[in-house]
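*Asks:* Could you work out the structure for the sequence below:
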Amino acid sequence: MLLFVYGSLRKDLHNNYLLEKCKFVGLSYTVNDFVMFGLKSKSYPYVIEKENFNEILPTKITGELYEVDNITLEKLDKLEDHPNTYKRKEIEVILNNTIIKSNIYILEDYSIINIIKKSLKNNWNKFVLVENGDWKTYCQK
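*Replies:* Residues are numbered from 1 along each chain as shown. Sure, this is the predicted structure:
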């Protein structure tokens, strides 16, 4: 199975060790636009369907594509709390100018989505909008 990762599972980030036995296919980005928020602490990001944030300009998400075996997928499902917090979904990504199908973990826990919305409304300083959709670049700032 192909899995598109965009956050802490990317190369050189803290959860990439979980993919050490998986084949790295390449750098890619999503065909459709999403919204990406991250914790200001740079622990991890959330990718959210753009329909949940009509007031924010969505963007393509940059990430990495891996071939993942079933044992690794079970570990990742546990890490991402699939299907409760994040839901694994099939999307299209662009790899070397070719559109291919892949899986991605999308935040679908509306209690967290509502906390993000409340945080934005009240000017709390917990979340950051990653406008360019590239978590790794954001973390390197």
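
*Asks:* so what's residue 82 up against?
*Replies:* Residues in contact with residue 82 (C-beta atoms under 8 Å, 6 or more residues apart in numbering) are 76, 88, 105. For glycine as for every other residue, the C-beta is placed from the backbone atoms N, C-alpha and C.

*Asks:* I'd like to know how far it sits from residue 125.
*Replies:* 29 Å (C-beta to C-beta, to the nearest Å).

*Asks:* Can I take it that residue 111 is in a helix?
*Replies:* Yes. Secondary structure of residue 111 (DSSP: H, G, I helix; E, B strand; the rest coil): part of a helix.

*Asks:* Please give me every residue in contact with residue 116.
*Replies:* Per C-beta under 8 Å, 6+ apart, neighbours of residue 116: 37, 46, 48, 127.

*Asks:* State the number of residues packed around the last one.
*Replies:* The reference is to residue 127. A count of neighbours around residue 127, defined by other C-beta atoms under 10 Å, yields 18.

*Asks:* OK, contacts around it?
*Replies:* 37-40, 116, 119-120.

*Asks:* Tell me which of those fall in helices.
*Replies:* 116, 119-120 (DSSP state H).

*Asks:* Using a markdown table, please lay out those together with pLDDT.
*Replies:* A markdown table is the format used below for the ones in helices among the contacts of residue 127 (pLDDT from 0 to 100):
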| residue | pLDDT |
| --- | --- |
| 116 | 94 |
| 119 | 90 |
| 120 | 86 |
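
*Asks:* tell me which of these is nearest to residue 22?
*Replies:* Using C-beta to C-beta, residue 116 is the member of the ones in helices among the contacts of residue 127 that sits closest to residue 22, with 29.8 Å.
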